[in-house]
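**Student:** give me the fold of what follows.
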Amino acid sequence: MSDEIRFIDTAPALETFCREIQGAQWLALDTEFVREKTYYPRLCLIQVAAGQSLACIDPMALPDLGPLSELLHDPQVVKVVHAAHQDLEILFQATGKVPAPIFDTQVAVSLLGHGDQIGYAKLVQVFLDLELDKGHARTDWSRRPLEPEQLRYAADDVRYLAKVYPMLLEALGEKGRLEWLTEDFENLTRESRYLPDPDNAWRRVKGQKYLKGVQYAVLQALTAWRERQAMSADLPRRWVLSDDVLTELARRMPTEHGALVKVRGLEDKAIARHGETLMALVREASALPPSSWPTPVGPSRGIGPEHEELLDVAMGILRHQARINDISPAAIATRKDVEALFRQDPGCNLLQGWRAKLAGHAIRDWFDGRLGVEVREDLMHLESRPGQ
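**Tutor:** Numbers count the residues shown, from 1 in each chain. Take a look at the predicted model:
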């Protein structure tokens, strides 16, 4: 691949580049964006490498992504991305569809024993023995013109990704684990993952653990309102109301002005602008019957102290399965996932895809008494229990 970095900011140049890489079976893909002052991320740069070609594409200067969009959605072209979620989210917003099919190198490398959240710089270091420049990690990518050093930094995000990808394919193929990734990658391309969901936004609000009962209904109503306000004005959520204010409103449930002004952190200008709406939301939500209250799903819901030793053994089974398969336990599941399995949560990650085959089914069978845990030669062994 040439060291030359092509900066594309015109439609004819984009068309030329896309014709050049037409027919490639895969391309390495990355994006740069800013979202500190907006609800929706602002796409500032798209880096693409395929074959011997590499380009940094300026979507801020282009009327649309045209031929590049066709490649991103071509089912015959694999899009190779590292830690793909944010890139897919912003490209979905920019093009109206989620790029597919996808190969996420962060997910893939976890199946080779390198942990579940390995960063791109570490990936390059492990596979190519190269130290990447981190000097432009905090760049404001919306400012123009971009300096040559900034473009070089951005280009490196796909230059080396394109070199690592074939190495990952070979290593995973040797271990027979390529097919394990199919379900994970298909899930990454589901549009529902990237659509705003105001009615469930309350689940991400920090500091809610001290709420109870109807207070959760109030929190849900207030958070859904904040989400829609932020979306409509394209502002960060915290610029509308902070999480601390939301939880304090849910705790106090003010329905008159005298109580509203006592809410810590709620500024006078927010009261003047939104006070009546906030009180109306509180009144409406607090009148809901218990059957309509949302139910928090915390890490210990439905699990008492008497269950902790069971979960400890289940975590031991998880670590055992990870060890014999040379995979980081965290790449398979967390304790929260094990708790979800114990609660028989049908959406549990441990019941999905390769995680189920590798550890989920074993842990579930132990919970149900169909699998035994034995110690031989100072090591854990799992034994089926016929007839159970």
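**Student:** quick check: which helices or strands does the helix or strand Val338 falls within pack against?
**Tutor:** Using DSSP states H and E, Val338 sits in helix 335-342. Counting contacts by 3 or more Cβ pairs under 8 Å, 6 or more residues apart in numbering; DSSP states H and E, helix 335-342 is packed against helix 308-324, helix 361-367. Backbone N, C-alpha and C define where each C-beta goes, glycine included.
**Student:** report the rounded mean pLDDT for it.
**Tutor:** Average pLDDT, helix 335-342: 92.
**Student:** same thing with stretch 207-218?
**Tutor:** Rounded mean pLDDT across stretch 207-218 is 94.
**Student:** chain center to that stretch, what's the gap?
**Tutor:** Relative to its chain's centre, stretch 207-218 lies at 25 Å (Cα atoms, centre = their mean, to the nearest Å).
**Student:** before we move on, what about stretch 219-231?
**Tutor:** Worked out by Cα atoms, centre = their mean, stretch 219-231 lies 21 Å from the chain centre.
**Student:** for stretch 309-327, same thing?
**Tutor:** On Cα atoms, centre = their mean, the centre of stretch 309-327 falls 24 Å from the chain's centre.
**Student:** again with stretch 234-251
**Tutor:** 22 Å.
**Student:** the chain should start at 10 in everything you say after this.
**Tutor:** With 10 as the first residue, the last one maps to stretch 243-260.
**Student:** what strand or helix carries Leu54?
**Tutor:** strand 51-59.
**Student:** quick check, central residue of the chain?
**Tutor:** His94 (4.9 Å; Cα atoms, centre = their mean).
**Student:** contacts only, for that one.
**Tutor:** Going by Cβ atoms under 8 Å, 6 or more residues apart in numbering, His94 touches 197, 202.
**Student:** cool, Gly216 as well?
**Tutor:** Gly216 neighbours (Cβ under 8 Å, 6+ apart): 252-253, 256.
**Student:** the helices and strands packed on helix 344-351 into TSV, with extra columns for mean pLDDT?
**Tutor:** Output for the helices and strands packed on helix 344-351, formatted as TSV (pLDDT from 0 to 100):
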stretch	mean pLDDT
helix 317-333	94
helix 370-376	94
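**Student:** residue boundaries of the helices in the stretch 160-309 of the chain?
**Tutor:** 170-184, 191-197, 223-242, 246-249, 252-261, 266-269, 277-295 (DSSP state H, counting those that start in this stretch).
**Student:** put together a markdown table for those, with distance to Gly32 and mean neighbour count on each row.
**Tutor:** Output for the helices of the stretch 160-309 of the chain, formatted as a markdown table (distance: least, Cβ to Cβ, whole Å; neighbours: other Cβ atoms under 10 Å):
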| stretch | distance to Gly32 | mean neighbour count |
| --- | --- | --- |
| helix 170-184 | 16 | 16 |
| helix 191-197 | 22 | 16 |
| helix 223-242 | 39 | 20 |
| helix 246-249 | 43 | 17 |
| helix 252-261 | 49 | 21 |
| helix 266-269 | 63 | 14 |
| helix 277-295 | 54 | 15 |
